[in-house]
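> Quick one, structure for this:
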Amino acid sequence: MNTINIQEKFSLFSEFWSPKIVGELNGQYVKLVKLKGEFVWHKHDHEDEMFLVIKGLLKIEFRDRTETIHENEFIVVPKGIEHKPVADEEVWVMLFEPKETLNTGDITSTFTKENLESI
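Below is the predicted model:
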């Protein structure tokens, strides 16, 4: 049991779209990720996905609308819903996801990260 300083953990990496594991609980990973630019359209068939914005402004595009998530806000994308994260400027996000969750969900692309680093 150790206290985790989120700001300190974000200072340890600079790459975008590459989630880092910072904790585990109840079969889930707590992940930090920096985002910038557009991700790929994807969905998660078996798990919901929660995006908690720590810094910046995140847009999540859905096929019928776009949601904007500000600092200290979060959104839960239900399983099976196609979505695409977009960050015009650098955004810091915390994710809570089952260990088996693949960042690109049902597709494989250059963004897919299968073996995540723990920091």
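> Which neighbours in the sheet does the longest strand along the chain have, and how are they oriented?
If you go by DSSP state E, the chain has its longest strand at strand 84-98. Neighbouring strands of strand 84-98 in its sheet, by DSSP bridges, are strand 28-38 (antiparallel), strand 49-55 (antiparallel), strand 58-61 (antiparallel).
> CA atoms only for that strand - export them in PDB, please.
The C-alpha trace of strand 84-98 is given here as PDB (Å, rounded to 0.1, in the frame of the first residue of the first chain):
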ATOM      1  CA  LYS A  84     -13.300   7.900 -30.900                       C
ATOM      2  CA  PRO A  85     -11.400  10.000 -28.400                       C
ATOM      3  CA  VAL A  86     -10.000  13.300 -29.800                       C
ATOM      4  CA  ALA A  87      -7.600  15.700 -28.000                       C
ATOM      5  CA  ASP A  88      -6.800  19.000 -29.900                       C
ATOM      6  CA  GLU A  89      -4.200  19.800 -27.200                       C
ATOM      7  CA  GLU A  90      -2.500  17.500 -24.700                       C
ATOM      8  CA  VAL A  91      -4.900  15.800 -22.300                       C
ATOM      9  CA  TRP A  92      -4.200  13.700 -19.200                       C
ATOM     10  CA  VAL A  93      -6.600  11.000 -18.500                       C
ATOM     11  CA  MET A  94      -7.100   8.300 -15.800                       C
ATOM     12  CA  LEU A  95      -8.800   5.100 -16.800                       C
ATOM     13  CA  PHE A  96     -10.300   2.300 -14.700                       C
ATOM     14  CA  GLU A  97     -10.600  -0.900 -16.700                       C
ATOM     15  CA  PRO A  98     -10.600  -4.600 -16.400                       C
END
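> Just the buried residues of it, please?
85-87, 91-97 (16 or more other CB atoms under 10 Å). For glycine as for every other residue, the C-beta is placed from the backbone atoms N, C-alpha and C.
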